[in-house]
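Q: need a structure here:
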Amino acid sequence: MRRTDAGTGKSSKEIRAARRWSTQALVLLAALSLTSMASAQPAPTPLTYKLAPGDRISVVIFGQTELSGDMLIDVTGSIRLPFVGPIEVANLTLSECHKRIVDRLADGILNRPSVNVQISELRPIFVLGDVRTAGAHPFKFGMSVKAAVAVAGGFGVAAPVQGAAVAELLTSEERLRQLTLQRAILMIRKTRLEAQRDGAAAFPAPDQASMRGEDDLSDIVALEKETFESQMAIQNSQRDLLRAQKPRIESEIEALGAQIATRKKQLDLVRQHADQYTRLAKQGLGLAATEMQLRLTETTYESEVWNLTAQIARLKMDLGALDIRIQEADAAFKRQILLDLRDVRDKLKELEVTLPTAREIRDAKLQQAGAIADVAAPRTIIVTRVRDGQQSSFTADEATLLEPGDIVEIQLRITRGATLASAATTRVDLAQPSEAKRDAVALPRPVR
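A: Below you'll find the model as predicted:
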């Protein structure tokens with residue numbers, strides 16, 4: 001059962017929510033009032049400025065040099081005079097501080113003391129963010145945010161940071177150019193190797209569409225064409241040298257064949273004569289020794305025929321081996337071409353992975369350098385101030401007057417469009433250096 005308030009008719013839950021929202025609204029209004037008070041109060045002058053810890057004042061007591069000197073207001077808001085002890089001067093103007101020191105000295109220490117109090121050094125201001133020299137800087141009365149930025153070296157990052165960003169951009173640009181050039185070289189080499197693999201008679205023109213946007217590659221194309229022609233010349237020379245031995249072997253085979261034919265004719269004549277003489281010897285008309293001599297001559301001719309036939313067989317084997325050597329030379333050349341082609345394709349696959357990453361890194365460095373160089377981008381100025389022990393922050397402009405101890409933070413607001421426009425400007429500047437700098441340093445052109 002829900003409980004309700006008798007007077008308003010609202011539930012307890014609604015009442016608690018209303019109280020919570022009212023509390024948050026009060027806190028927000030208090031914070032806004034403190035911020036508006038901090039920014040609306042007039043800037044102090046030497047007469048109205050109230051001393052604070054960290055300030056240094058000069059106290060001169062006439063006739064009392066041992067009591068005079070520069071004194072730092074410590075964290076408790078006090079200064080310490082010899083023989084006097086601590087004197088609290090925080091939140092006092094110079095005239096109030098002067099009166100308090102005189103009162104303390106006149107209280108049993110000096111008779112009618114004559115004192116002069118001046119501010120010798122005020123607390124510094126601190127400038128942070130998008131300035132060239134961030135850190136603590138001396139404060140002067142009447143100093144505005146614009147003056148503080150000027151003391152901090154102006155808007156923008158320090159020169160070493162700019163130099164580092166440009167150096168990183170040039171390094172990434174050079175890396176991308178090297179990878180892109182390497183890819184173009186490999187593509188031309190791949191065209192040459194594929195032509196050699198397919199037995200093309202001439203070096204084909206490379207595919208310019210896959211290498212658009214590159215520098216002039218005529219030297220690389222000429223080198224690959226020269227390699228194609230020289231390797232083809234070497235291969236043809238080896239093939240012609242081996243083939244040139246075939247006519248010699250074939251002529252030797254032909255000559256041996258002619259010798260065999262002659263020896264066979266001689267063998268037939270000797271054999272006929274030996275057969276006739278054998279018949280005469282059987283009739284008692286011939287000598288056995290002569291018959292034996294004829295048979296020996298017949299055997300000699302037969303041996304010569306067989307020897308010549310064996311020589312022809314060896315020469316035919318040499319001829320076949322010559323064909324095998326020609327085929328082996330062609331196969332070795334093709335095998336080397338295929339190995340080189342596989343190596344080129346593997347490297348191209350690696351580049352297909354590496355190139356997009358290198359291009360993204362270059363673009364990121366280009367945007368970073370463009371953002372650093374874009375000193376005209378909109379900025380937000382936030383001043384943090386401590387007054388009466390209360391710290392408050394408010395948005396300021398370049399005309400806002402500062403107080404000692406203020407913290408000025410410059411925040412650069414970079415939109416995506418401004419960053420890309422600045423990056424494009426930086427890219428043009430890098431791609432087209434001035435004539436005065438072109439002789440001193442050659443900057444690489446961005447690769448798309």
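
Q: any idea which element residue 118 lies in?
A: Using DSSP states H and E, residue 118 falls within strand 115-121.

Q: Then residue 52?
A: Using DSSP H and E, no helix or strand contains residue 52.

Q: Tell me, how many residues neighbour it?
A: For residue 52, the neighbour count with other CB atoms under 10 Å is 21. To be clear about C-beta, it is placed using only N, CA and C from the backbone, and glycine gets the same treatment.

Q: Could you do residue 154 as well?
A: Quick note: residue 154 (other CB under 10 Å) scores 12 neighbours.

Q: which strands and helices sit next to the strand holding residue 118?
A: Judged by 3 or more CB pairs under 8 Å, 6 or more residues apart in numbering; DSSP states H and E, strand 115-121 is in contact with strand 56-61, helix 94-106.

Q: How about residues contacting it?
A: When contacts are defined by CB atoms under 8 Å, 6 or more residues apart in numbering, strand 115-121 is touched by residues 46, 49, 51, 55-62, 70, 94, 97-98, 101-102, 105, 138.

Q: how far out from the middle of the chain is the helix ranked longest in the chain?
A: Longest helix of the chain, by residue count under DSSP state H: helix 288-373. On the basis of CA atoms, centre = their mean, to the nearest Å, helix 288-373 sits 44 Å off its chain's mean C-alpha point.

Q: Neighbouring strands of whichever helix or strand comes after that helix in the sheet, and parallel or not?
A: Downstream of helix 288-373, the next assigned helix or strand under DSSP H and E is strand 379-387. Strand 379-387 pairs in its sheet with strand 390-396 (antiparallel), strand 407-412 (antiparallel), by DSSP bridges.

Q: Let's have these in TSV, adding mean pLDDT and mean neighbour count.
A: What follows is the strands paired with strand 379-387, written out as TSV (pLDDT from 0 to 100; neighbours: other CB atoms under 10 Å):
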stretch	mean pLDDT	mean neighbour count
strand 390-396	90	15
strand 407-412	88	18
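
Q: quick revisit: make CSV from the helices and strands packed on strand 115-121 and add mean neighbour count, distance to residue 79 and mean pLDDT to it.
A: Listed next are the helices and strands packed on strand 115-121 as CSV, based on neighbours: other CB atoms under 10 Å; distance: least, CB to CB, whole Å; pLDDT from 0 to 100:
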stretch, mean neighbour count, distance to residue 79, mean pLDDT
strand 56-61, 18, 7, 92
helix 94-106, 17, 8, 91
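
Q: Okay, now the unreliable bits of the protein?
A: Within the chain, the segments meeting pLDDT under 70 span 1-41, 157-163, 207-216, 286, 368-377, 413-448.

Q: May I have the residues that are in contact with the residue most central in space within the chain?
A: Centrality entry for the chain: nearest residue to the mean C-alpha point is residue 172, 3.1 Å, by CA atoms, centre = their mean. Under the criterion of CB under 8 Å, 6+ apart, the neighbours of residue 172 are 358, 361-362, 365.

Q: hmm, back to that, so for residue 236, which of the helices and strands packed on strand 115-121 sits nearest?
A: strand 56-61 (94.5 Å; CB to CB).

Q: what are the pairing partners of the closest one, and which direction each?
A: strand 69-72 (antiparallel), strand 115-121 (antiparallel).

Q: Compute the first-to-last residue distance for stretch 127-140.
A: The straight-line separation of the ends of stretch 127-140 (CA to CA, to the nearest Å) is 14 Å.

Q: Over to stretch 381-393?
A: Its start and end residues considered, stretch 381-393 measures 10 Å (CA to CA).

Q: From the chain's centre, how far out is that stretch? Work that out for me.
A: Per CA atoms, centre = their mean, the centroid offset for stretch 381-393 relative to its chain is 43 Å.

Q: and the helix or strand containing residue 234, what does it pack onto?
A: Assigned by DSSP H and E, residue 234 belongs to helix 218-243. Here helix 218-243 touches helix 159-197, helix 288-373, going by 3+ CB pairs under 8 Å, 6+ apart.
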